[in-house]
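# Could you look at this predicted model? Sequence included:
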Amino acid sequence: MSSSAAGHQYQPKTSVGKITNFVDTRVGGSAIVKEFGRKIFPDHWTFMFGEVALYSFVILLLSGTFLTFFFDPSMAETHYDGSYVPLRGIEMSMAYASSLDISFDIRGGLFMRQVHHWSALLFVAAVSVHMLRVFFTGAFRRPRELNWVIGGVLLILAMAAGFTGYSLPDDLLSGNGLRIIDGVVKSIPVVGTYISFFLFGGEFPGTVIIPRLYVLHILLIPAMILLLIAIHLFLVVVHKHTQFPGPGRTNDNVVGYPVGPVYAAKAGGFFFIVFGIIAAISAAFTINPIWNYGPYDPSPVSAGTQPDWYIGWVDGALRLMPGVLGNFPFEWNIPLPWGTNTLSLNVLFPALVPAGIVFTLLFAWPWIEAWVTKDRREKHLLDRPRNAPTRTGIGVAGVVFYCVMWAAASSDLIATHFMVSLNDVTYWLRALVILGPVIGFVVARRIALALQRKDREIVLHGRETGRIVRLPHGEFIEVHEPVDEYKRYKLVSFDSPEALTAQPDVNGHVSKGEKRRALASRFFFEDRVAPVTPAELEQAHSHGHHGEVASEHDKASISSH
Amino acid sequence: MADHSHGSPENAVTVAKPGQGSVQKFQDPGLPPHRPRLADTDPRAEKRAERQVGVLFLISILGTLLFFFGYFFIPLDQTIGTLRLQNLLLGLGTAFAMLGIGVGIVHWAKTLMPDHEIAEDRHEIRPEADRADAEKIVGDILEESGIKRRPLIRNTLLGAGVLAIFPAIAIFRDLGPLPGDVLRQTMWDEGVRLTRDPSGTPIKASDVTIGSAFHVIPEGLNESEHKLEEKAKAVVLLMRLNPESLNPSPGREDWGYDGIVAYSKICTHVGCPVALYEQQTHHLLCPCHQSTFDLTQECKVIFGPAARPLPQLPISVDEEGYLVATSDFQEPVGPSYWERG
């Protein structure tokens, strides 16, 4: 074959060249370098959250692998005889004893535990913030809908990874967490009791739950996360990254820095920065001091217990739900032909419904928005959140909904720290979990519209310079400086869809679904602030009186006096 | 001049529309001109940046050395102080080692590597020609396999495939036993003594003064084979109130003894231990989700997410004056479940 013959003709001279050539002719490296070596990545600080997530996951794998060499996931009983004197001679599981050994008898073990726990907290946080960034900038739109869904699944897996890991040390705190899970599982109608018995290998707590969670935590869940991350990144390459609109940035190009050397250096260097920050936090701030909690025992519990932050919203929902409202109990005993069965809505409802609402909306959102706008074109330019006021409002409503439940997970600590009644805190949060999202929506949307108006002001009348000038006839004015064309283009180049009335189909019939869509479209786009057009700018310049606009001409006339 | 930028929020339709018949869009001015950085123009600034990067890498080396110092020269002597010191040195060493490299590389990229923005065209994700080719290939594959033409093969394979999944589910059957009746039974029974948690020493009625509370386990629990499982159902809170404060319902008058009552410690919400007793108000509070039970109303729920009262353990005293149960709980303890009934 002529091509392979040509390949063999190349004779590298240096030893590095020989090794490179050896690899290249066996894996086809040249093509990869050609494809990726100078690939362009846009730069924006908000694009770093996904990187933080990826890097904290890598750190999780590294620190977690270290921990597996010393951790014994067994619930067999033992008597502790390690270095930590207060717990000597106490009966506990091997899992808890080996966690103590990692902390006290393995040099660097405590550090690795802290790194692992802190990076787990950071991982879920980074995934969440990354998803918020994608949501608020509209990066989930075509062609990235599936990658958005993968991201949502990754968020769920991240929480699952966190929870399974949290339970492994078999200390009092995590044991009570498992007990709560058992209670929630048992509330599932028909199959709940069976799931509980299959999960725990019999009655709670049993002797198999830790080894089972361990397999999930170190094998199944990380493998799934790794696989999805691979697909996620592959799709990023297929789609190419989104970019914010601006001068020179269009829907058909990508503007940024090439992978080699700038982007690789920045992104690669950023890994070390993330690692360094996690290490610094782990050095200075204790997380999960399991030796203070003692081994799991179903009888004691410490007051002020908190789950890890990402489980907080579910725990908070459990706290907010009243078991009995007035005289109306949420636990029903339903007489059925074969006997009476119990439906525990006071547990089932808060455990499933809020998470159900959040994740259903999250997964369906790209299609909801496409349905409302009837816009199915590819969107590679991001929205600034202010330029999509209704979406921003809905996103903020979701964040408020989440955060109220999250705050409720600390209702007891809020009460003790601020010296207020625990019951009142709960009553307020119950009201807020319903009202808060509505208020959040209205306020955020109004702020977004106001910011859009501010952008219009800046484009039309320029930037306030803070320079007060006295005119010859005594009037004081503030000099406004017109923005340059690049900055101006950034402020005017955005889509501002208008409400789309119901459209008849081919038979001239307006369907019910189409009427509903028109209603939704009105809700989304009725209030809008359109970008400034060149004509408007022209008009503002010719009609604007000097109180608002001081063009170069005005300034010249001022200084000449 | 009509100022479209000041729509009022009261007005339902706040639309700022572009003027009629005008040019609708601004022209894209293209990428802004490149602004040279200090290091691009000033050789001294370039040298300085180079030195800064070098210093940052040196800091990383010092960080690694700090790690080794902490690892090899801080002996762990069973006090938490040295452990914390070692953790601090390992952590700070790693932090400096990583941050030195990371900040150094980023600084290098930002000051010394080219910062010209480059535009690259996007390509169609699925060109139409590719689609047509792919469709033809898939069509050929299906045709050559004959799966469409031979429904017998297709249907039997489908049936076999669906059926073959079930063993993969069924094989998990032995993950655990069926629930049966075990959730209805605890270690408590007629004559079982109430003992202190965790020591297991029996409690005399005379030990329980008014206002006091005891954490209680059944006698023999510590020796039982499934200690934690039994304990998870059997733990009890024992309290003594003024007998007038208790309002037993008909049929439960003799479940207590002289103002001493025993209630399950396992919350009827999701099973946390209801560990807090407010002596003055006679309330029991679960620290996990704040369900509150009123002891004077047979532990009725007065606040929080629990929906059922805590089950009461009927107790009495034996001939030696020790507190004993007169039977097991009359209902399942702990969180509700479908078969509870």
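That came through, no problem. Quantities reported herein were computed from a predicted structural model and do not represent experimental measurements.
# so whatever residue of the stretch 51-200 of chain A ends up closest to chain B is in which element?
The nearest approach of the stretch 51-200 of chain A to chain B comes at A:G183, 2.6 Å away (Cβ to the nearest Cβ). C-beta coordinates here come from the backbone N, C-alpha and C atoms, glycine included. Here A:G183 sits within helix A:172-186, counting by DSSP states H and E.
# And the helices in the stretch 201-341 of chain B?
B:227-234 (DSSP state H, counting those that start in this stretch).
# ok, which residues in it are in contact with chain A?
When proximity is defined as Cβ under 8 Å from any Cβ of the partner chain, the stretch 201-341 of chain B approaches chain A at B:215, B:217, B:226, B:228-229, B:231-233, B:235, B:265-267, B:269-273, B:275-276, B:287-291, B:301, B:303-308, B:334-341.
# and the closest residue to chain A within chain B, how many neighbours?
Distances from chain B to chain A, computed as Cβ to the nearest Cβ, single out B:G91 as the nearest residue at 2.1 Å. For B:G91, the count of nearby residues is 26 (other Cβ atoms under 10 Å in any protein chain shown).
# by contact count, what packs against the longest strand along chain A?
As far as residue count goes, and with DSSP state E defining each element, the longest strand of chain A is strand A:463-470. Secondary-structure packing of strand A:463-470 (3 or more Cβ pairs under 8 Å, 6 or more residues apart in numbering or on different chains; DSSP states H and E): strand A:476-481.
# Dump the strand it packs on to CSV, keeping only the CA atoms.
As requested, the backbone C-alpha atoms of strand A:476-481 are provided in CSV (Å, rounded to 0.1, in the frame of the first residue of the first chain):
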residue,chain,number,x,y,z
PHE,A,476,-24.8,71.3,35.9
ILE,A,477,-24.8,68.1,33.9
GLU,A,478,-23.2,64.8,34.3
VAL,A,479,-21.1,63.8,31.3
HIS,A,480,-22.2,60.5,29.7
GLU,A,481,-19.6,58.7,27.6
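# circling back: weed out the non-buried ones from the residues of the stretch 201-341 of chain B next to chain A.
Judged by neighbour count, with 16 or more other Cβ atoms under 10 Å in any protein chain shown as the criterion, the buried members of those are B:215, B:217, B:228-229, B:231-233, B:235, B:265-267, B:269-273, B:275-276, B:287-291, B:301, B:303-308, B:334-340.
# Which of those residues fall within strands?
Using DSSP E, the members of those that fall within strands are B:H215, B:I217, B:L276, B:V301, B:F303.
# host element of A:A280?
Element membership of A:A280, judged by DSSP H and E, is helix A:264-284.
# Now for A:Q114: which residues touch it?
A:I281, A:S282, A:A283, A:F285, A:T286, A:I287, B:N87, B:G91 (Cβ atoms under 8 Å, 6 or more residues apart in numbering or on different chains).
# Can you tell me the centre-most residue of the chain?
You didn't say which chain, so I picked chain A. The centroid of chain A falls nearest to A:S128 when counting by Cα atoms, centre = their mean (1.3 Å).
# My question was about chain B, not that one.
Closest residue to the average C-alpha location of chain B: B:C288 at 12.9 Å, with Cα atoms, centre = their mean.
# for the residue nearest to that one when sequence neighbours are not counted, what are its contacts?
The spatial neighbour of B:C288 that comes closest, neighbours along the chain excluded (Cβ to Cβ, 6 or more residues apart in numbering or on different chains), is B:C272 at 3.6 Å. Listed by Cβ under 8 Å, 6+ apart, the contact set of B:C272 reads A:N176, A:R179, A:I180, A:G183, A:V301, B:I266, B:C286, B:P287, B:C288, B:H289.
# Report the lowest-confidence entry in those residues.
Model confidence across these bottoms out at A:V301, which has 88.
# circling back to that earlier point, quick one, the helix or strand following the helix holding A:A280 and helix A:172-186 angle?
Tracing the chain past helix A:264-284, the next element assigned as helix or strand by DSSP H and E is helix A:312-320. Between helix A:312-320 and helix A:172-186, the angle comes out at 70 degrees (axes from the mean of the first three to the mean of the last three Cα atoms, to 10 degrees).
# just to revisit the earlier point, quick one: buried ones out of the contacts of A:Q114?
The neighbour-count test (16+ other Cβ under 10 Å) applied to those identifies A:I281, A:S282, A:A283, B:N87, B:G91 as buried.
# before we move on, the earlier item: just to be sure, the residue nearest to the centre of chain A is in a helix?
Yes: note on A:S128: a helix contains this position according to DSSP: H, G, I helix; E, B strand; the rest coil.
# Now find how far off-centre the helix holding A:G183 is within its chain.
Shown here is helix A:172-186, whose average C-alpha point lies 26 Å from the average C-alpha point of the whole chain (Cα atoms, centre = their mean, to the nearest Å).
# Report the angle between the following helix or strand past it and helix A:172-186.
The first helix or strand that comes after helix A:172-186 along the chain, using DSSP H and E, is helix A:192-200. Helix A:192-200 and helix A:172-186 meet at an angle of 140 degrees, taking the same axes, to 10 degrees as the criterion.
# Show me what the following helix or strand past helix A:192-200 is packed up against.
Per DSSP H and E, the first helix or strand lying C-terminal to helix A:192-200 is helix A:209-215. Packing partners of helix A:209-215 (3+ Cβ pairs under 8 Å, 6+ apart): helix A:145-167, helix A:192-200.
# what's around A:K374, how many residues?
If you count neighbours by other Cβ under 10 Å, A:K374 ends up with 12.
# got the contact list for the longest strand of chain A?
So strand A:463-470 is in contact with A:F476, A:I477, A:E478, A:V479, A:H480, A:E481, A:P482, A:V483, A:A550, A:I558, going by Cβ under 8 Å, 6+ apart.
# next one: that strand to chain centre, how far?
42 Å.
# buried stuff in it?
For strand A:463-470, the neighbour count (16+ other Cβ under 10 Å) marks A:V469 as buried.
# try stretch A:495-506
Residues of stretch A:495-506 classed as buried by neighbour count (16+ other Cβ under 10 Å): A:D495, A:S496, A:A499, A:L500, A:A502.
# ok, how many other residues are close to A:A364?
Under the neighbour criterion other Cβ under 10 Å, A:A364 is assigned a count of 12.
# so after the helix or strand harbouring it, what's the next helix or strand?
For A:A364, the host element (DSSP H and E) is helix A:345-373. Following helix A:345-373 in sequence order, the next helix or strand is helix A:389-408 (DSSP H and E).
# got the angle for that next one vs helix A:345-373?
What separates the directions of helix A:389-408 and helix A:345-373 is an angle of 170 degrees, with the same axes, to 10 degrees.
# Helix A:389-408 packs against which elements?
Using 3+ Cβ pairs under 8 Å, 6+ apart as the contact criterion, the secondary-structure elements in contact with helix A:389-408 are helix A:109-136, helix A:312-320, helix A:345-373, helix A:422-461, helix A:512-525.
# and those helices as a markdown table, adding mean pLDDT?
As requested, those are arranged in a markdown table below (pLDDT from 0 to 100):
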| stretch | mean pLDDT |
| --- | --- |
| helix A:109-136 | 97 |
| helix A:312-320 | 96 |
| helix A:345-373 | 96 |
| helix A:422-461 | 96 |
| helix A:512-525 | 94 |
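# Any chance of JSON lines for the ones you listed, columns distance to B:W108?
Rendered in JSON lines, the data for the helices and strands packed on helix A:389-408 read as follows (distance: least, Cβ to Cβ, whole Å):
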{"stretch": "helix A:109-136", "distance to B:W108": "25"}
{"stretch": "helix A:312-320", "distance to B:W108": "40"}
{"stretch": "helix A:345-373", "distance to B:W108": "39"}
{"stretch": "helix A:422-461", "distance to B:W108": "36"}
{"stretch": "helix A:512-525", "distance to B:W108": "46"}
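# quick one, which of those helices is nearest to A:M405?
Checking those against A:M405 by Cβ to Cβ gives helix A:312-320 as the closest, at 3.9 Å.
# from the stretch 201-350 of chain A, which residue is nearest to chain B?
When distances are taken as Cβ to the nearest Cβ, the stretch 201-350 of chain A approaches chain B most closely through A:A283, which lies 2.1 Å from it.
# which residue sits closest to that residue, ignoring its sequence neighbours?
The spatial neighbour of A:A283 that comes closest, neighbours along the chain excluded (Cβ to Cβ, 6+ apart), is B:G91 at 2.1 Å.
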